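Okay, sequence plus prediction incoming.
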Amino acid sequence: MSYFDAASSAPLHPVARQALLASLDEGWADPARLYREGRRARMLLDAAREAAAEAVGCRPDELVFTGSGTRALHSGVAGALAGRRRVGRHLIVSSVEHSAVLHSAESHEREGGTVTRVGVDRAGRVSPSAYAEVLREDTALACLQSANHEVGTVQPVAEVAEVCRAAGVPLLVDAAQSLGWGPVEGEWSLLTGSAHKWGGPSGVGLLVVRKGVRFAAQGPVDERESGRAAGFENIPAIVAAVASLRAVRAEAAQEAVRLRELTERIRARVPQLVPDVEVVGDPDHRLPGIVTFSCLYVDGEALLHELDRAGFSVSSGSSCTSSTLTPSHVLKAMGVLTEGNVRVSLPMGAVSEDVEGFLDTLPGTVTAVREKLGAPTPSAVVHEDELVVDALGKRCPIPVIELAKVIGDVPVGGLVRVLSDDEAARLDIPAWCEMREQEYVGEEKAEKGTAYLVRRST
């Protein structure tokens, strides 16, 4: 079996395992107590905090440990907004942030705040000027991930931080995906991370609040972690998390070169091996171990199951699953193809032989899924001077398959009207048109569903 989903959760690093086992005997006591066992636990916690602060690039008293990266994000957003409530209630986020940030933004809106969502280009990258344009006098906080969790695109954090600093607005950076590769550059104000992303145990996050940033912890608090993370600290897990962070950092430079070569191999060869594929994400500004692509005419869930049977564990941001019929918010914001999406995120230590095995397996697997799905006879009729394809009631990727089958039946300049009630069609039909160099005219409200208009260009 080849595990290629490190962006979701990296395998436990051997150093983390060793540190966890060792600290179980030393770090079980209450670090707030003054007796010997408590002092020993406090020494472990303080040492872990100092090591984590050094890795992040902050002061030890600016960093607290939380129960998860999600909890760190929720606490960071809420605390910063509350601390700057007198300034205003305007929040800025990018459209491709982790769902934990977007859920915090939605909660802020429900409570009467305002949110501006900054768009991205087709590579998933924001523009610093776009942040500059939406900063207002009442902006309390801006958020930006250091690197995207679905496509690996690295964001211009330092440039955005400078724009925010000039406006007097704190920037919160979600560094979960990138922290194992190195510190986040720039004059950011708040930062979060999650240990299971870099090979530490799950259940440990970190939150950094720079000195001078107005911050008011929300909800019931206690004396733990400067009042910013209530509850008894899991010292063995914290020690293991920090030990793994230091270990992966020591290996990061060498591993980055090696994994980048492997993912570059996948980026280059998948379009050669599999027809009708779009590789997504920034080709240059990206994390070393992540590569993402989408396959036309493929059900994403079926493809992942087939790859799993073949021994490859990968992930997907595809909308084409039985459990969710809404497209990935990241792929949607990028305006790229969502169907048949595959994310390969290589863990440290991944070997060339496993990547070659994946590349050998993928073409046959995609073909098999396409054959199983079939290409149903499209319900196409000529209506005046256009072809109408009735794909109502059919889910992704059927509407695109039916469009592809009939586009050759109309002359150049002719129009195809695709009727669909699948939300994913709103993204996938324009994406197909761009891939196939056809003109996407737009959409219209139909008696049932939506009509998507495509004009044959070639």
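The structure has been received and is ready for your questions. Residues are numbered from 1 along each chain as shown.

Centre of the chain to the host helix or strand of Gln18, how far?
Using DSSP states H and E, Gln18 sits within helix 14-24. Put simply, helix 14-24 sits 29 Å off its chain's centre (CA atoms, centre = their mean, to the nearest Å).

Quick check: buried residues in the helix or strand following it?
Following helix 14-24 in sequence order, the next helix or strand is helix 36-56 (DSSP H and E). Within helix 36-56, the residues scored as buried using 16 or more other CB atoms under 10 Å are 40-42, 44-45, 48-49, 51-56. (Glycine included, C-beta is placed from N, CA and C.)

Check stretch 440-449 too.
For stretch 440-449, a neighbour-count test (16+ other CB under 10 Å) marks Tyr440, Glu443, Ala446, Gly449 as buried.

how far away is the last one from Leu419?
Okay, so that is Gly449. 6 Å (CB to CB, to the nearest Å).

what is in contact with the two at once?
Leu392 (CB atoms under 8 Å, 6 or more residues apart in numbering).

thinking again about what came up before, of all the buried residues of helix 36-56, which comes closest to Ala310?
Nearest to Ala310 among those, counting by CB to CB, is Ala55 at 37.3 Å.

so how far is Gly152 from the nearest residue to the closest one once chain neighbours are set aside?
Counting by CB to CB, 6 or more residues apart in numbering, Ala55 lies nearest to Leu245, which is 5.3 Å off, once chain neighbours are set aside. Distance, Leu245 to Gly152, using CB to CB: 20 Å.

what about Ala32, how many neighbours?
14 (other CB atoms under 10 Å).

who's in contact with it?
Contacts for Ala32 were tallied using CB under 8 Å, 6+ apart; they are Gly38, Arg42, Glu223, Arg224.

pLDDT and distance to Arg436 for these - can I get that in JSON lines?
Output for the contacts of Ala32, formatted as JSON lines (pLDDT from 0 to 100; distance: CB to CB, whole Å):
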{"residue": "Gly38", "pLDDT": "91", "distance to Arg436": "67"}
{"residue": "Arg42", "pLDDT": "94", "distance to Arg436": "63"}
{"residue": "Glu223", "pLDDT": "81", "distance to Arg436": "62"}
{"residue": "Arg224", "pLDDT": "84", "distance to Arg436": "57"}
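
Tabulate those residues in a markdown table, adding columns for distance to Val115.
Listed next are the contacts of Ala32 as a markdown table, based on distance: CB to CB, whole Å:
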| residue | distance to Val115 |
| --- | --- |
| Gly38 | 44 |
| Arg42 | 40 |
| Glu223 | 33 |
| Arg224 | 31 |
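
between those, which is closest to Gln18?
Proximity of those to Gln18 was ranked by CB to CB; the top entry is Arg42 with 21.5 Å.

That closest one and Pro31: what is the separation?
Arg42 is 4 Å from Pro31, where distance means CB to CB.

now Val280
Val280 sits 45 Å away from Pro31, taking CB to CB as the criterion.

between those two, who's got more neighbours?
A count of neighbours by other CB under 10 Å puts Val280 above the other of Val280 and Pro31, at 28 against 19.

which residues touch the more buried one?
Arg122, Ala123, Gly124, Val151, Thr292, Phe293, Ser294, Leu331, Met334, Val336, Leu337.

buried sites along stretch 105-112?
Ala105, His108.

Kindly report the same for stretch 200-207.
For stretch 200-207, burial by neighbour count (16+ other CB under 10 Å) applies to Gly200, Pro201, Ser202, Gly203, Val204, Gly205, Leu206, Leu207.
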